[in-house]
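1. okay, predicted coordinates and the sequence, questions at the end:
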Amino acid sequence: MSYPEPRYLGDTGEVSATYRALGHPPELVNPKGTKVHYLSTGASTNGEFGLYRWDFGPEVSGPDAHFHKTIAETFFILSGTVRLYDGEQWIDATSGDYLYVPQGGIHAFKNEPGEPASMLLLFTPGAPREEYFETLVEVAKGKVLSEEERAAFYLRHDNHWI
């Protein structure tokens, strides 16, 4: 494996870093209390990756088993316990535990204990996942999708349920 072709072609570097303080408010809060922080979106990284901090609320939450055809997903547990599904078994993951799921890999995550927990979610490449999560919050708040709309929504966002 080698380094990719350069994407920056200058000779002097540039001031282009992005800083985000810990106290920055979350971009998304769902009705179960989960807070999602868009640390880096695909748009802000020129499609390289998307990185979110996922702070679970006090209620059980998380998606059932699914896979993606276009993106890999990585989970890194910061605190608490998050149940991760690796396609074969559920694992009670705790602080420092890590799961990488390549494209096509069956996975899921749940906050089954219903206790506070926090994790980092990394998507590569940087797909526009924000609209996906924001729509799920709208649905949780009462927005109704027809079966056709729901199927098109999941297909548009590369979610394939098992």
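-> Here it is on my side, so go on.

2. what ranges do the helices span in the chain?
-> Counting by DSSP state H, the chain has helices at residues 130-140, 147-156.

3. which one of those is the most hemmed in?
-> Mean neighbour count, computed with mean count of other C-beta atoms under 10 Å, is highest for helix 130-140 among the helices of the chain, reaching a mean of 15. (Each C-beta comes from the backbone N, C-alpha and C, glycine too.)

4. quick check: angle from it to helix 147-156?
-> 150 degrees (axes from the mean of the first three to the mean of the last three C-alpha atoms, to 10 degrees).

5. can you list contacts of helix 130-140?
-> Applying C-beta atoms under 8 Å, 6 or more residues apart in numbering, the set of residues contacting helix 130-140 from outside is 27-32, 36, 38, 41, 143, 145, 153, 157, 159.

6. and the helices of the chain as a markdown table, adding distance to R83 and mean pLDDT?
-> Shown next, in a markdown table, are these (distance: least, C-beta to C-beta, whole Å; pLDDT from 0 to 100):
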| stretch | distance to R83 | mean pLDDT |
| --- | --- | --- |
| helix 130-140 | 19 | 95 |
| helix 147-156 | 22 | 97 |
